[in-house]
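1. My questions concern the predicted model and sequence given below.
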Amino acid sequence: MDIIQLIFQSHLIWVLTIAALLDYTIGDPGSWLHPVQVMGWTIAWATQFSLKRLTSPRALRLAGTGVGLGLVVGSGAIGWAIVFVATRLHPLLGVAIESILLASCFAARSLRSAAEEVLHPLATGDLITARQHLSRYVGRDTEDLPATDILRAVLETVTENATDGVMAPLFYAIVGAILAQGLSLGGAGPSTLFLAAPLALAYKASSTLDSMIGYREAPYTDFGWFSAKLDDILTWVPCRLLVLTLALLSGKPRSVLQICWRDAPQDSSPNSGWSEGVYAAILGVQVGGTNYYRGVAKAKPPLGNAICPITPDRIHHALQLTRSGFLIWLGMGIMAVIAMSHWASSIGY
């Protein structure tokens with residue numbers, strides 16, 4: 001069987017490719033029910049239910065652990081079941097459904113749209129509208145931000161979410177595709193093919209849990225402890241791989257990695273400092289500083305060197321870096337699946 005035949009016959013390659021194209025061209029249609037919405041409703045209900053009935057730190061941690069594990073495993077299992085049923089009805093329907101589910105885990109187009117939504121009014125000097133739009137995407141106070149701080153907030157949002165909103169879901173989809181390919185070649189059965197979207201959905205559930213309840217402040221200190229830790233662990237590898245990928249893309253990996261090693265460990269998060277820091281190092285800008293949350297100042301360590309000011313062009317460059325990294329990972333994932341199929345074919349599987 002030649003390579004072209006393998007490409008056209010591979011369920012996994014079609015799913016990865018179609019999902020990437022859907023996210024790039026369509027993104028998340030606002031009128032459609034999104035898996036993250038369902039996850040959010042579930043988390044909100046479970047949180048309200050638990051916080052009303054539990055008071056001890058131990059009980060809250062146990063409840064938070066149960067909610068976290070239940071949502072992560074449940075999201076992956078439900079995703080698998082939906083694709084399995086769709087495939088039993090018709091293989092092409094299975095490819096379509098899994099592609100749509102996987103595309104919903106990617107947020108590359110959403111990040112671009114969010115950035116543009118703030119940058120457009122800012123370009124015309126409409127600070128009020130820019131602040132209003134920015135408030136939809138960041139937790140910090142935006143009412144009095146000057147243009148320079150608005151630009152910094154947009155860049156920080158774009159670069160932090162590049163990992164958990166774009167690259168990490170793709171990483172787990174590729175892991176699922178490679179694992180599925182390996183299991184199917186080992187004779188585990190056709191149902192093992194449906195792992196790319198379920199693993200990405202499971203990661204998305206972890207990320208959503210962290211964004212909603214993974215805080216050190218009350219009332220989430222104990223209830224959200226497990227969710228915060230789980231997301232840190234699941235994001236650790238794809239975050240470091242993204243840093244390495246972008247450092248190599250920059251053409252100056254040594255200096256970029258030196259800046260990352262210098263600055264990223266100062267951030268309280270084991271991942272966001274690296275994610276934001278690698279972009280800052282490549283772009284020659286500095287992020288971090290003091291932000292206000294409900295009137296309370298919170299300082300973040302500076303990341304990068306302030307060689308250049310943060311401008312819309314720098315933000316667009318950051319988005320392009322994410323797009324390039326995404327395409328590289330996607331290509332490597334597809335090549336890995338093809339290589340495994342070709343190897344199996346060559347030895348008579």
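-> Looks like it arrived, so ask away. These numbers come from a predicted model, not from an experiment.
2. For Thr208, give its distance to Arg109.
-> According to Cβ to Cβ, to the nearest Å, Thr208 and Arg109 sit 18 Å apart. For every residue, glycine as well, the C-beta is placed using N, CA and C.
3. more neighbours, those two?
-> Shown here are Thr208 and Arg109; by other Cβ atoms under 10 Å, Thr208 has more neighbours (25 against 18).
4. Against His34, how distant is the more buried one?
-> Distance of Thr208 to His34, given as Cβ to Cβ: 11 Å.
5. Any stretches of the stretch 51-200 of the chain with poor pLDDT?
-> Residue ranges of the stretch 51-200 of the chain with pLDDT under 70: 185-193.
6. Where do the helices of it begin and end?
-> Along the stretch 51-200 of the chain, counting by DSSP state H, counting those that start in this stretch, helices occupy 57-89, 91-103, 108-123, 127-134, 147-161, 168-185, 196-213.
7. Would you tell me which one of the ones you listed is buried the most?
-> Counting by mean count of other Cβ atoms under 10 Å, helix 196-213 has the highest mean neighbour count of the helices of the stretch 51-200 of the chain, with a mean of 26.
8. which element follows that helix toward the C-terminus?
-> Using DSSP states H and E, the helix or strand that follows helix 196-213 in sequence is helix 225-250.
9. Pull out the buried positions in that next one.
-> 225-228, 230-232, 234-235, 238-247, 249-250 (16 or more other Cβ atoms under 10 Å).
10. other SSEs contacting that helix?
-> Packing contacts for helix 225-250, counted by 3 or more Cβ pairs under 8 Å, 6 or more residues apart in numbering; DSSP states H and E, involve helix 57-89, helix 168-185, helix 196-213, helix 253-263, helix 272-283, helix 312-346.
11. mean confidence for it?
-> Per-residue pLDDT values over helix 225-250 give a mean of 97.
12. Same check on stretch 294-305?
-> 92.
13. Pull the residues that contact that stretch.
-> With contact meaning Cβ atoms under 8 Å, 6 or more residues apart in numbering, stretch 294-305 is reached by 141, 259, 263-264, 266-267, 273, 276-277, 280-281, 283-292.
14. follow-up on the earlier one: with distance to Thr42 added, can I get the helices and strands packed on helix 225-250 in JSON lines?
-> Converted to JSON lines, these look like this (distance: least, Cβ to Cβ, whole Å):
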{"stretch": "helix 57-89", "distance to Thr42": "6"}
{"stretch": "helix 168-185", "distance to Thr42": "19"}
{"stretch": "helix 196-213", "distance to Thr42": "9"}
{"stretch": "helix 253-263", "distance to Thr42": "36"}
{"stretch": "helix 272-283", "distance to Thr42": "25"}
{"stretch": "helix 312-346", "distance to Thr42": "28"}
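15. nearest to Glu117, of these?
-> helix 312-346 (12.2 Å; Cβ to Cβ).
16. So for Asp28, what's the pLDDT?
-> pLDDT, read off for Asp28, is 80.
17. what about Ala162, distance to Tyr292?
-> 24 Å.
18. ugh, wrong one, Ile13
-> 47 Å.
19. just to revisit the earlier point, with distance to Ile338 as added columns, please give the helices of the stretch 51-200 of the chain in JSON lines.
-> Below are the helices of the stretch 51-200 of the chain laid out as JSON lines (distance: least, Cβ to Cβ, whole Å):
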{"stretch": "helix 57-89", "distance to Ile338": "21"}
{"stretch": "helix 91-103", "distance to Ile338": "17"}
{"stretch": "helix 108-123", "distance to Ile338": "23"}
{"stretch": "helix 127-134", "distance to Ile338": "42"}
{"stretch": "helix 147-161", "distance to Ile338": "30"}
{"stretch": "helix 168-185", "distance to Ile338": "9"}
{"stretch": "helix 196-213", "distance to Ile338": "15"}
